[in-house]
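Participant: turn this into a model:
(chains A, B, C and D)
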There are 2 protein chains.
Amino acid sequence: MGPVSADSDKAAKKTDKRPTATGRRAAVTIYDVARHAGVSPSTVSRALGKPGRMSARMERRIQDAAAELGYRVNPMARALPTGRTHTLGLIVTDFTNPVYFDLVRGAERAAGVAGCTMVLAESQESGEAESNAVERVRPLVDGLVLAAPRLDDEALTAIAQDTSLVLINRVVPDIASVVVDVRDGLTAALDHLRAHGHGSIGYLSGPARSWINARRWEVLLEEAPRRGMHVVEIQTSEPTLAGGRDALRRVRAAGVSALVAYNDLIAIGLLREAQATGLNVPGDLSIVGFDDIFGAELTTPGLSTIRVPLGALGEAAIHVLIGRVNPEEHEPAKTEFVRRQSTGPAAAR
Amino acid sequence: MGPVSADSDKAAKKTDKRPTATGRRAAVTIYDVARHAGVSPSTVSRALGKPGRMSARMERRIQDAAAELGYRVNPMARALPTGRTHTLGLIVTDFTNPVYFDLVRGAERAAGVAGCTMVLAESQESGEAESNAVERVRPLVDGLVLAAPRLDDEALTAIAQDTSLVLINRVVPDIASVVVDVRDGLTAALDHLRAHGHGSIGYLSGPARSWINARRWEVLLEEAPRRGMHVVEIQTSEPTLAGGRDALRRVRAAGVSALVAYNDLIAIGLLREAQATGLNVPGDLSIVGFDDIFGAELTTPGLSTIRVPLGALGEAAIHVLIGRVNPEEHEPAKTEFVRRQSTGPAAAR
DNA sequence: GACCGGATGGCAACCGGTTGACATCAACAC
DNA sequence: GTGTTGATGTCAACCGGTTGCCATCCGGTC
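Facilitator: Okay, here's the model as predicted:
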């Protein structure tokens, strides 16, 4: 399994000709393979990259030589003339947000299957940081996935000009994107709440720049009145546990009996703050989260939530990016209401 | 997504851009900058990379030209002659394990500060997948961080031969590593349990190949007897919620009154399974987790656990890797016992 | 005025692949 | 025998930077 030929000490001086910055040994190149197989480097390149261009015997011989020497192509060197790096970038807003766990995994798996490696960056919920992250990875990658970007349409369009781009949970004209259809899950949640006597619900909103936040609110605005329910938007300071906690005052002031939150973090934050102040969930207040992150089922009561297939979303984004799936053909993933114990009958008033 | 740029003949523009293989515009090169500034490409390279080698006036002029054209160095092209890619790799065992999210963030931040980008891969708790992941990213990176690797010492040593390597929570002779000192947190947890009358505790162990699992167990073996406490190892099938749930039978059979788990996932799994079968935590069973992941404080009762400074660990690994910190000088991060509600007085027997 | 040495910028050879164009050669038809 | 053709392998020119070495120019000194 050793990638280094046994006589390397004999040729130590020669191998040492190009020590890398870290003082490691230089890798085997196609020139080494070519010499070993008695052909020219270009022939090696073709034997390895363009099957069928030459006689099967020659091809075989070269492949054997390559295997014997433990040759591995140098992605950098390959990228230079071809312009293709076989690397894909994924930029998320916040690494520590559990929402992204599955998304990152889905993307990484799909990339791996396609023979690509992933570079990852974080935009920290800020447009500027996001822009920097994009600029940093851009020259390195064949394509880029932005999850719930905070940049405006114009900036995204400019990026798409120079780089293939796929957005997750964001729609911008002429840019490919994969989105999840929130209607199914949301209507199921509304039906569930109405069946339990909730006539007036609050929406704990997410970041103002978030397209998916606007989308979720929009669907609620359509669907709640259709069911004879009132719905109000309640601002949160940030899409985190703290943001949920801070919203309790406004929730109580709003006088709603049930809430749908922009995400599970907000929902959990609110849940715990409500309990801390002596409220009973779901007795006094029903709470529905969004995403079904790790942790949503750990709370007591378990958080009812609208599950988003995050892994599938990440995977789909990569498939669209590498052209395996036509963006128009890509069917939005479905959401699903997961009933746990944080929702129940509305308190008699 | 048309692959052809429409205006390729508008080369008279300020930034003349040629179409590339992917149909995107080619980036500005040092040749463009050189022409624009009226100097040779090598001079541009030096002006941008080796300050002080030339007159300040010339340097300024070239920098201005570069800025005006929006020049950005091509990392691939730079990597070829120098052998330095300014990219670092991080390989974790499982993306969806919340343990890693702070670690990834810490690493990514440290890398960003050092002007490096991160590539990320997952080894799925298997030595073979880990090996593949290493092979894939290796030619791409200047250095590699392996978090809790499952490969054996020999394989790791072989990797370190060709690539700078830093391990997290694993010690192998002659390979740099950053580890966390579990003794502080563990002894605090033991003291806490003993003070509550627990004389016999169980250790819910982690993966057999995990160095840090062995380490945690070893410290328990040393410290528990020293306090007059008995301690037994209780196997788990996997370091996940399911692994914790499955262990309940063995826990009951062992007749211990308190448990320390290899990680929080196992602890939470056990906690919930115990509750599901009617046990009271901490009334019948005290449980201590490990790591303090997101979610540990969400359970009811909140999980007492031994906090590991994950973010600092990831950051430290990168600092060691890029040589900012001498591995010998690096002081192990401290762990800390976080008392919540899953631990309490031992039941009278 | 001739000489000298440091500062400055350019030439050209890489790094490790890819690829269009071409040389070579055997087989085959005429 | 010659001409044609297709299959096969090589040559050499890139891709976009970096860097050792050399040419030039400048001011200053004897």
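
Participant: so how far is B:Phe101 from the residue nearest the centre of chain A?
Facilitator: The residue lying closest to the centre of chain A (Cα atoms, centre = their mean) is A:Leu103, at 4.1 Å. Per Cβ to Cβ, to the nearest Å, A:Leu103 is found 12 Å from B:Phe101. (C-beta placed from N, C-alpha, C; glycine too.)

Participant: rewinding a little: you'd agree the residue nearest to the centre of chain A is in a strand?
Facilitator: No. Counting by DSSP: H, G, I helix; E, B strand; the rest coil, A:Leu103 is not part of a strand but helix.

Participant: residues in contact with it?
Facilitator: Taking Cβ atoms under 8 Å, 6 or more residues apart in numbering or on different chains, we find A:Leu103 in contact with A:Val92, A:Ala147, A:Ile168, A:Leu310, A:Gly311, A:Leu313, A:Gly314.

Participant: try it again with 10 Å
Facilitator: If a contact means Cβ atoms under 10 Å, 6 or more residues apart in numbering or on different chains, then A:Leu103 has A:90, A:92, A:97, A:145, A:147-148, A:168-169, A:308-315, A:317, B:95 as its contacts.

Participant: so what sits against both of A:Leu103 and B:Phe101?
Facilitator: A:Asn97, B:Phe95.

Participant: tell me the SS of the residue of chain A found nearest DNA strand D?
Facilitator: In chain A, the residue found nearest to DNA strand D is A:Met54; the distance is 2.9 Å by Cβ to the nearest atom of the strand. Here A:Met54 is coil, with the state taken from three-state DSSP.

Participant: is it true that it touches A:Ser45?
Facilitator: No. Using Cβ atoms under 10 Å, A:Met54 makes no contact with A:Ser45, being 11.2 Å away.

Participant: anything in contact with each of those two?
Facilitator: Contact criterion Cβ under 10 Å, 6+ apart; residues shared by A:Met54 and A:Ser45: A:Ile62.

Participant: ok, the closest residue to A:Gly283 other than its chain neighbours - contacts?
Facilitator: Closest residue to A:Gly283 apart from its sequence neighbours, by Cβ to Cβ, 6 or more residues apart in numbering or on different chains: A:Ala347 at 6.4 Å. Residues near A:Ala347 by Cβ under 10 Å, 6+ apart: A:Gly197, A:His198, A:Ser257, A:Asn280, A:Pro282, A:Gly283, A:Asp284, A:Leu285, A:Ser286.

Participant: how about the helices of the stretch 1-150 of chain A, start to end?
Facilitator: A:12-15, A:30-37, A:41-49, A:56-69, A:75-82, A:99-113, A:127-137 (DSSP state H, counting those that start in this stretch).

Participant: got TSV for the ones you listed, with distance to DNA strand D and mean pLDDT too?
Facilitator: Formatted as TSV, those follow (distance: least, Cβ to the nearest atom of the strand, whole Å; pLDDT from 0 to 100):
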stretch	distance to DNA strand D	mean pLDDT
helix A:12-15	17	34
helix A:30-37	7	92
helix A:41-49	3	91
helix A:56-69	3	90
helix A:75-82	3	92
helix A:99-113	24	91
helix A:127-137	14	90
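
Participant: looking at those, which is closest to A:Thr299?
Facilitator: Proximity to A:Thr299 (Cβ to Cβ) singles out helix A:99-113 among these, at 16.2 Å.

Participant: pLDDT score for the residue of the stretch 101-250 of chain A found nearest DNA strand C?
Facilitator: Across the stretch 101-250 of chain A, the shortest distance to DNA strand C (Cβ to the nearest atom of the strand) belongs to A:Gly115, at 12.5 Å. On pLDDT, A:Gly115 comes in at 89.

Participant: got a list of what the residue lying closest to it once chain neighbours are set aside touches?
Facilitator: Leaving aside its sequence neighbours, A:Gly115 sits nearest to A:His86 (Cβ to Cβ, 6+ apart; 6.2 Å). Contacts here follow Cβ under 10 Å, 6+ apart; on that basis A:His86 touches A:73, A:75, A:78-79, A:111, A:114-117, A:141-142, A:322, B:136, B:140.

Participant: and A:Asn280, how many neighbours does it have?
Facilitator: 12 (other Cβ atoms under 10 Å in any protein chain shown).

Participant: my guess is it contacts A:Ile287, does it?
Facilitator: No. Judged on Cβ under 10 Å, A:Asn280 makes no contact with A:Ile287 at a distance of 11.5 Å.

Participant: ok and the helix or strand harbouring A:Leu265 relative to helix A:99-113, angle-wise?
Facilitator: Counting by DSSP states H and E, the element that carries A:Leu265 is helix A:264-276. Angle, helix A:264-276 to helix A:99-113, by axes from the mean of the first three to the mean of the last three Cα atoms, to 10 degrees: 160 degrees.

Participant: does helix A:264-276 reach chain B?
Facilitator: Yes. Residues of helix A:264-276 contacting chain B under Cβ under 10 Å from any Cβ of the partner chain: A:Leu265, A:Ile268, A:Leu271, A:Arg272, A:Gln275.
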